[in-house]
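*Asks:* model the structure of this input:
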Amino acid sequence: MIRFLAPRLARAVLTILLVVTFAFVGLRLSGDPALLIMGDDAPPDAVAAFRASWGLDAPLWQQYVTYGATVARGDLGSSMRDGRPAMALVAERVPATLALMLPALALKLGLGLTAGIAAALNRGRFVDRVLTTLAVLGFAVPSFVLGLILVLVFAVELRWFPSGGQGTWRHAVLPVLTLGLGGAAVVARLTRSAMLEVLGQPYIRAARARGLPWGRIIRCHALPNAAIPLVTLGGFLVGSLLAGSVVVESVFSWPGVGRLLVVSVASRDLPVVQGLLLLTATTMVTANLIVDLLYGLLDPRLLARAAPR
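*Replies:* So this is what the prediction gives:
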């Protein structure tokens with residue numbers, strides 16, 4: 001197990017380091033935060049003092065070393081706009097984003113798996129054609145377009161749900177649907193393909209020849225083997241939720257980390273942006289590490305290949 005996880009842990013650390021480096025360099029080359037925060041009309045002396053107070057007048061390599069040492073101590077720095085700790089700003093937005101991500105992830109998996117299995121078991125029939133068409137539409141429509149359509153139908157015309165903001169559970173319905181439906185379409189398509197491939201395997205035909213009930217064949221033989229490629233998709237689902245939250249939270253004025261990222265990038269609030277990118281990279285890497293571990297448990301041949309000989 002150690003030989004199986006060691007290279008993946010090393011790759012995870014390297015990935016986070018590269019993300020932090022790219023964010024650090026890219027943000028500082030994209031514009032001067034002193035001018036964006038203080039304005040073009042600010043006196044040159046005030047702008048110079050701002051750069052000096054935040055260490056922006058130092059060479060880039062020295063800024064990078066200082067930032068790396070700060071992050072290693074668990075400190076993401078302070079916001080350039082209001083002076084609050086960047087970690088506190090990010091942490092207070094995380095619950096709002098989780099309130100969307102967790103239901104959206106459940107919707108993606110529940111609806112996607114159900115639709116994919118139903119389509120595979122009814123291959124070529126009307127149910128299969130309808131579900132496949134809906135899956136293609138759900139995959140093709142961008143999240144911001146879907147969000148605007150849901151607002152137009154359910155908030156403006158029917159007035160069932162609010163069009164934005166945060167308050168009761170009703171405010172979360174449209175953002176969760178926007179985040180979840182597109183991902184459910186991806187899960188449904190992959191589930192259908194995986195199930196069709198498994199259902200054509202010899203061991204499925206052998207199980208049917210032995211007279212096993214069809215429900216037991218699906219539950220005990222088809223689904224566990226079809227789950228292997230679906231586990232790989234799990235890591236991407238987490239990433240798509242984080243990426244989608246930027247758009248969805250902006251469309252629905254939801255006060256989560258996605259909206260904070262948009263505001264911080266626009267104002268070049270470097271510590272906050274770097275903290276958010278570090279959080280995103282760590283979440284993605286952790287999700288993929290869990291996927292690798294589950295992959296090894298579902299397919300013991302991977303662990304056998306990594307074992308010493």
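*Asks:* any stretches of the stretch 201-309 of the chain with poor pLDDT?
*Replies:* Under the criterion of pLDDT under 70, the regions of the stretch 201-309 of the chain flagged as low confidence span 239, 295-309.
*Asks:* isn't Ala184 up against Ala115?
*Replies:* Yes - distance between Ala184 and Ala115: 7.1 Å, which falls inside the contact criterion (CB atoms under 8 Å). In short, each C-beta sits where N, CA and C put it, glycine included.
*Asks:* the two: who's more crowded?
*Replies:* For Ala184 versus Ala115, neighbours defined as other CB atoms under 10 Å are more numerous around Ala184 (27 against 24).
*Asks:* check which helices and strands the helix or strand containing that one sits against.
*Replies:* Taking DSSP states H and E as the definition, one finds Ala184 inside helix 170-199. Contacting helix 170-199 under the criterion 3 or more CB pairs under 8 Å, 6 or more residues apart in numbering; DSSP states H and E are the following elements: helix 86-121, helix 126-140, helix 143-150, helix 223-251.
*Asks:* dump those to JSON lines, plus distance to Leu190.
*Replies:* Rendered in JSON lines, the data for the helices and strands packed on helix 170-199 read as follows (distance: least, CB to CB, whole Å):
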{"stretch": "helix 86-121", "distance to Leu190": "7"}
{"stretch": "helix 126-140", "distance to Leu190": "10"}
{"stretch": "helix 143-150", "distance to Leu190": "19"}
{"stretch": "helix 223-251", "distance to Leu190": "6"}
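*Asks:* so which of these gets nearest Val272?
*Replies:* Distances from Val272 to each of the helices and strands packed on helix 170-199 were compared using CB to CB; the shortest belongs to helix 86-121, at 4.8 Å.
*Asks:* Thr191 and Pro255: what is the separation?
*Replies:* Distance of Thr191 to Pro255, computed by CB to CB, to the nearest Å: 34 Å.
*Asks:* the two - which one has more neighbours?
*Replies:* Set side by side, Thr191 and Pro255 show more neighbours around Thr191, with 27 against 15, by other CB under 10 Å.
*Asks:* in the following helix or strand past the helix holding Ala184, which residues are buried?
*Replies:* For helix 170-199, the following helix or strand on the C-terminal side (DSSP H and E) is helix 202-209. Neighbour-count burial for helix 202-209, counted by 16 or more other CB atoms under 10 Å, picks out Ile204, Ala207.
*Asks:* packing partners for helix 202-209?
*Replies:* Based on contacts counted as 3+ CB pairs under 8 Å, 6+ apart, the elements that helix 202-209 packs against are helix 214-217.
*Asks:* let's see the helix it packs on as CSV, backbone CA atoms only.
*Replies:* Coordinates of each C-alpha in helix 214-217 appear next as CSV, following Å, rounded to 0.1, in the frame of the first residue of the first chain:
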residue,chain,number,x,y,z
TRP,A,214,-31.6,-10.4,-12.9
GLY,A,215,-31.7,-8.0,-9.9
ARG,A,216,-29.0,-9.9,-8.1
ILE,A,217,-26.8,-10.0,-11.2
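*Asks:* helices or strands next to it in the packing?
*Replies:* Contacts defined by 3+ CB pairs under 8 Å, 6+ apart place helix 214-217 against helix 202-209.
*Asks:* gap between the helix it packs on and the chain center?
*Replies:* Centroid displacement of helix 202-209 relative to its chain, using CA atoms, centre = their mean, to the nearest Å, is 38 Å.
*Asks:* need the contact list for the closest residue to Arg81 other than its chain neighbours.
*Replies:* In space, not counting the residues next to it along the chain, Arg81 is nearest to Asp269; the distance is 5.4 Å by CB to CB, 6 or more residues apart in numbering. With contacts taken as CB atoms under 8 Å, 6 or more residues apart in numbering, Asp269 has the following neighbours: Pro33, Ile37, Ser79, Met80, Arg81, Val263.
*Asks:* what's the angle from the helix or strand containing the last one to helix 223-251?
*Replies:* Yep, that's Val263 we're talking about. For Val263, the enclosing helix or strand under DSSP H and E is helix 257-266. Calculated by axes from the mean of the first three to the mean of the last three CA atoms, to 10 degrees, helix 257-266 forms an angle of 50 degrees with helix 223-251.
*Asks:* hmm, who's touching helix 257-266?
*Replies:* Looking at helix 257-266 with CB under 8 Å, 6+ apart, the contacting residues turn out to be 89-90, 93-94, 96-97, 242, 244-250, 253, 269, 272-273, 276, 279.
*Asks:* buried residues in it?
*Replies:* For helix 257-266, the buried set under the neighbour-count rule, 16+ other CB under 10 Å, comprises Val257, Gly258, Arg259, Leu260, Leu261, Ser264, Val265.
*Asks:* same question for stretch 62-69.
*Replies:* Going by neighbour count (16+ other CB under 10 Å), the buried part of stretch 62-69 is Gln63, Tyr64, Tyr67.
*Asks:* filter the contacts of helix 257-266 down to the buried ones, PyMOL style.
*Replies:* Selection command for PyMOL covering only the buried members of the contacts of helix 257-266, criterion 16+ other CB under 10 Å:
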select buried, resi 89+90+93+96+97+242+244+245+246+247+248+249+250+269+272+273+276+279
